[in-house]
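**Q** would you be able to build a 3D model of this:
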Amino acid sequence: MTATAKQTSPKRRLLLASDRADQSSELADILSSVGEVDTVTTSDIPASPNGLSGVVVDINLRSPESVQAVRKKLQADAYSQMPRLFVLADALHHASMQAWALGATDTISRPLDAGAIMQRIRAAFPDSQFFDSTDRGKTLNRGVAAAHAVIMKIFQRVPSGVPLTMDDVVQAESKILKAIKHSSLREWLTTVGCHHQGSYRHCLFVTGFAVAFAQHLGMREADQRRLTRAALLHDVGKAFISTAILDKPGALNEEETAEMREHPRRGYDALAAQGSFPPEMLDVVLHHHEMLDGSGYPNGLSGSQISDIVRLTTIVDIYAALVEKRAYRLPFTHSRAFGIMESMGSKLDQQLLQAFRPVAFGCY
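**A** Okay, the predicted model is just below:
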């Protein structure tokens, strides 16, 4: 090669595994714009992913044969470090949870949006042009993966009666703290926003905001760890709430609202029965919807009855909910979200909210 010759980056090789040939041709065309695409049936997924950048799985999750074939292949050690993108017929939790259980590292939903899919492919499937192989990028990815593993256990194991343990949370916290400290909150939110949906994404957003806030306040590491654990677990009770309610694309009726308001108590009961979680974490799980003026739930606490760690978690929980995209509305801008929280007045610790301002405004 001469000094003036132009070097080109190797193109991605993507495997599209599909048992939906009638619906996958459009997806194959989209994928071909960002990489070379090999299309196989789910039963023909190779034992080893040699030379592949990632796998896209487009299957009917209601087909036991296809599900079993994918599970057998993708949960083998050879695919453990391979990005695995699942295509869902919808974005509801039951489909997402099944995909994660089969080994998904990301999901997309029909109807397909070519631009959005290409963005997700570039983020999910590395090549030499797009993949961040630096220690910074690896640290961020490890942190998000560790947090996601805890959230996945919450939504998959707890409703089945399999207890979540304190060790599950402790094993993740160092990676999470390191990820945000050595990258940024902005990068954390971008990564989570590209790869997660619904309640999973909300818990990961809240965790990112809480850790960034703790680091901004200069909390000692032990307190940063306490807040990380509390943020990860604050919505554990939503694992018991009907997916029809969690995913409803509109306002909840009175009966649905009553069920949703049960999630703090149900989460508290599940973790308290396990026995290894400290009182302050149980406090956050039970009371993160309490308001300083007594208008919150489930116990109508007010003022000094609400601990500092709960006050902080409540602020990041509300802010995250406002800036996230929801099924029934677009996300609020950071300034609009912060203004809404300021207008809540005595419901929130306004002094703590102002301390949160640099974190909120600095993440965009």
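**Q** hang on, Ile117 in a helix?
**A** Yes. Counting by DSSP: H, G, I helix; E, B strand; the rest coil, one finds Ile117 located in a helix.
**Q** show the pLDDT at Ser9.
**A** The model reports Ser9 with a pLDDT of 44.
**Q** ok, His196 next?
**A** pLDDT, His196: 54.
**Q** and what of the one 3 residues further on?
**A** Ser199 carries a pLDDT value of 72.
**Q** now do the contacts for it.
**A** His93, Ile151, Phe155, Asp235, Lys238, Leu246 (Cβ atoms under 8 Å, 6 or more residues apart in numbering). Every C-beta, even on glycine, is put in place using the N, C-alpha and C of the backbone.
**Q** what sits closest to the fourth one if chain neighbours are left out?
**A** The reference is to Asp235. Cys203 (5.5 Å; Cβ to Cβ, 6 or more residues apart in numbering).
**Q** tally of neighbours for that neighbour?
**A** 27 (other Cβ atoms under 10 Å).
**Q** re earlier: can you redo the contacts of Ser199 as CSV with neighbour count and pLDDT?
**A** Compiled in CSV, the contacts of Ser199 are given as follows (neighbours: other Cβ atoms under 10 Å; pLDDT from 0 to 100):
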residue, neighbour count, pLDDT
His93, 21, 56
Ile151, 24, 85
Phe155, 23, 80
Asp235, 22, 94
Lys238, 25, 91
Leu246, 18, 83
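**Q** show me the domain layout of the chain.
**A** In terms of domains, the chain is parsed into 13-124, 135-362 (source: automatic domain parsing).
**Q** list the contacts of the residue nearest to Ala99 when sequence neighbours are not counted.
**A** Spatial nearest neighbour of Ala99, excluding adjacent residues (Cβ to Cβ, 6+ apart): Phe86 at 4.0 Å. Contacts for Phe86 (Cβ under 8 Å, 6+ apart) come out as Val56, Val57, Asp58, Ile59, Ala99, Leu102, Ala104, Asp106, Thr107, Ile108.
**Q** which strand residues bridge the second one?
**A** According to DSSP bridges, the partner residues bridging Val57 are Ala17, Phe86.
**Q** so who does it touch?
**A** Ala17, Ser18, Thr42, Val70, Leu74, Arg84, Leu85, Phe86, Val87, Leu102, Ala104.
**Q** how far away is it from Arg13?
**A** Counting by Cβ to Cβ, to the nearest Å, the gap from Val57 to Arg13 is 16 Å.
**Q** repeat for the third one
**A** Separation of Asp58 from Arg13 (Cβ to Cβ) stands at 17 Å.
**Q** same check, this time on the fifth one
**A** For Ala99, the distance to Arg13 (Cβ to Cβ) stands at 22 Å.
**Q** neighbour count: those two, which is higher?
**A** Each of Ala99 and Arg13 has its neighbours counted (other Cβ under 10 Å); Ala99 has more, 22 against 17.
**Q** how about the helices in the stretch 51-200 of the chain?
**A** With helices called from DSSP state H, counting those that start in this stretch, the stretch 51-200 of the chain shows them at 64-74, 93-101, 114-124, 135-157, 166-182, 185-195, 198-216.
**Q** which of these sits closest to Leu27?
**A** Proximity to Leu27, assessed across those by Cβ to Cβ, is greatest for helix 114-124 (7.7 Å).
**Q** got any ranges where the protein has weak pLDDT?
**A** Low-confidence segments of the chain (pLDDT under 70): 1-11, 81, 90-94, 96-97, 119-120, 122-136, 194-198, 327-328, 363-364.
**Q** burial check on Asp167, number of neighbours?
**A** Asp167 has 9 nearby residues by other Cβ under 10 Å.
**Q** can you tell me how far the residue lying closest to it once chain neighbours are set aside sits from Met166?
**A** Take Asp167 and drop its neighbours on the chain: the residue closest to it by Cβ to Cβ, 6+ apart is Ser276, 7.9 Å away. Counting by Cβ to Cβ, the separation of Ser276 from Met166 is 4 Å.
**Q** do the same with Leu246
**A** Look at Leu246 and Met166: by Cβ to Cβ, they are 26 Å apart.
**Q** equivalent analysis for His287, please.
**A** For His287 relative to Met166 (Cβ to Cβ), the value is 19 Å.
**Q** neighbour-wise, which of these two wins?
**A** Comparing His287 with Met166 by other Cβ under 10 Å, the one with more neighbours is His287, at 24 against 16.
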